[in-house]
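A.B. asks: Build me a structure from this.
(one chain, ligands or ions: 1)
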Amino acid sequence: MTKHVLPVKPDDAFKSEILAGLNAWQKKISSKWLYDDVGSHLFEAITELDAYYPTRTELGILEKNARKYSRLPGARGAMVELGSGSSRKTNLLLDACPDLSVYMPIDISTNHLREAADRIRRAHPSLAVIPVAADFTQPLGQLPLLPELPVLVFFPGSTIGNFEKSEAAQLLKNIRTAMPDATMIIGVDRPKDEKTLVKAYDDPAGVTAAFNQNLMQRMNRELEANFDLSSFAHKAIWNAEESRIEMHLESLCDQAVSVAGEPVNFLKGETIHTENSHKYSEEAFAEIANEGGWRVLDQDSDKKGLFSVYTLKAV
Ligand SMILES: C[S@@+](CC[C@H](N)C(=O)[O-])C[C@H]1O[C@@H](n2cnc3c(N)ncnc32)[C@H](O)[C@@H]1O
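C.D. replies: Numbering: from 1, shown residues only. This is a model prediction of the structure:
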């Protein structure tokens, strides 16, 4: 019996997590809250930018290796995708795996998920498409949905890089516990020169800045906050020690903002830390995968070595 992720209504936690994060010493909001309708569409726009190398690079790797992936055991059963977004990369795999019978995309961005699921249904009418609007960082549930089907977990986009290293290992552990015999295809960004990295997260057209600033607009919309967007700046910083790009919103002056009726004070230069994007060497990622209960079976990369797609097996 294969277990699945228990649907959790993502919006329920928004207010409490935001208030807790804004009251911390280093103000911090989980990057999962960047993805409402507007944020998801802005993320899609980012993936089209010249500066944003990860999407086109990962797509190239998937395209080149799709036939190989189609021979994995799960490719004849059910594909469960974590953080599926527009499911654009999935189409490549679905085309290469005609024997898949179920596709279960899981994403926190509810409307975006439904739109993507509808597109997949139209393109693959014989596939059972079961979208799950959920926060996959929540405890994994025990939904016995797919008896007797091998499972292929698809986790692209280097979304795993958004987690602190210990959280990433824990998330992989949770996935393994919920889907104990699964195979996983997971996209992971690699370390590279600082200039390329910073440009990818602070593009000249300002799309990533708009994506980050949308978080303030979201709090204004959903939590009756009164952030003045012009008094915060988007920052993308390479933290070499942690091997990650950090996104922040930096207050340009001393100011007080009201969020859900609570005052939040900012000093000039103080930031809200809104996203981490860890970059992993093969050795560093293998360590996290092993800690999470997965063995690396294979690793595919592009010619320039910018990005990796790993095949993992639950152990
Ligand atoms: C970096 S984007 C990747 C999107 C897509 N998979 C790709 O490769 O282009 C991260 C995706 O994961 C979703 N996401 C982020 N955190 C999540 C969470 N905790 N639970 C469920 N979905 C999440 C976002 O809504 C978004 O679609």
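A.B. asks: Counting by contacts, list what the helix or strand harbouring residue 120 packs against.
C.D. replies: Using DSSP states H and E, residue 120 maps to helix 110-123. Secondary structure elements in contact with helix 110-123, counted by 3 or more C-beta pairs under 8 Å, 6 or more residues apart in numbering; DSSP states H and E, are helix 37-47, helix 88-96, strand 102-107, strand 128-129, strand 132-133. The C-beta positions use only the backbone N, C-alpha and C, and glycine is treated the same way.
A.B. asks: what residues does the longest one touch?
C.D. replies: For helix 37-47, the external contacting residues (C-beta atoms under 8 Å, 6 or more residues apart in numbering) are 34-35, 52, 54-55, 85-86, 88, 109, 111-112, 203, 207-208, 210-211, 214-215, 217-218.
A.B. asks: For it, list every residue counted as buried.
C.D. replies: 38-43, 46-47 (16 or more other C-beta atoms under 10 Å).
A.B. asks: got it, and the second one?
C.D. replies: Of all the residues in helix 88-96, those buried under the rule 16+ other C-beta under 10 Å are 88-94, 96.
A.B. asks: what's the angle between the helix holding residue 120 and strand 102-107?
C.D. replies: Here helix 110-123 runs at an angle of 160 degrees relative to strand 102-107 (axes from the mean of the first three to the mean of the last three C-alpha atoms, to 10 degrees).
A.B. asks: Export helix 110-123 to CSV, keeping only CA atoms.
C.D. replies: Extracted in CSV, the C-alpha atoms of helix 110-123 (Å, rounded to 0.1, in the frame of the first residue of the first chain):
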residue,chain,number,x,y,z
THR,A,110,-3.7,26.3,-5.0
ASN,A,111,-5.0,28.1,-8.1
HIS,A,112,-1.8,27.7,-10.0
LEU,A,113,-1.8,24.0,-9.2
ARG,A,114,-5.4,23.6,-10.4
GLU,A,115,-4.6,25.4,-13.7
ALA,A,116,-1.6,23.2,-14.3
ALA,A,117,-3.5,20.0,-13.5
ASP,A,118,-6.2,21.0,-16.0
ARG,A,119,-3.5,21.6,-18.7
ILE,A,120,-2.0,18.1,-17.9
ARG,A,121,-5.4,16.5,-18.1
ARG,A,122,-6.1,18.0,-21.5
ALA,A,123,-2.7,16.9,-22.8
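A.B. asks: Ok, which of the helices and strands packed on helix 110-123 comes nearest residue 171?
C.D. replies: strand 102-107 (12.2 Å; C-beta to C-beta).
A.B. asks: so how far is the closest one from its chain's centroid?
C.D. replies: 14 Å (C-alpha atoms, centre = their mean, to the nearest Å).
A.B. asks: for stretch 225-233, the distance to its chain's centre please.
C.D. replies: 25 Å.
A.B. asks: any residues touching that stretch, and which ones?
C.D. replies: Outside stretch 225-233, the residues within contact range by C-beta under 8 Å, 6+ apart are 213, 216-217, 219-220, 249-253, 255, 257-260.
A.B. asks: same question for that stretch, mean pLDDT?
C.D. replies: What stretch 225-233 shows for mean pLDDT is 98.
A.B. asks: If you count neighbours, what's buried in that stretch?
C.D. replies: By neighbour count on 16+ other C-beta under 10 Å, the buried set for stretch 225-233 is 225, 227, 232.
A.B. asks: Can you tell me the closest non-neighbouring residue to the second one?
C.D. replies: This means residue 227. Leaving aside its sequence neighbours, residue 227 sits nearest to residue 216 (C-beta to C-beta, 6 or more residues apart in numbering; 3.8 Å).
A.B. asks: Burial check on that neighbour, number of neighbours?
C.D. replies: Neighbour count for residue 216, taken as other C-beta atoms under 10 Å: 22.
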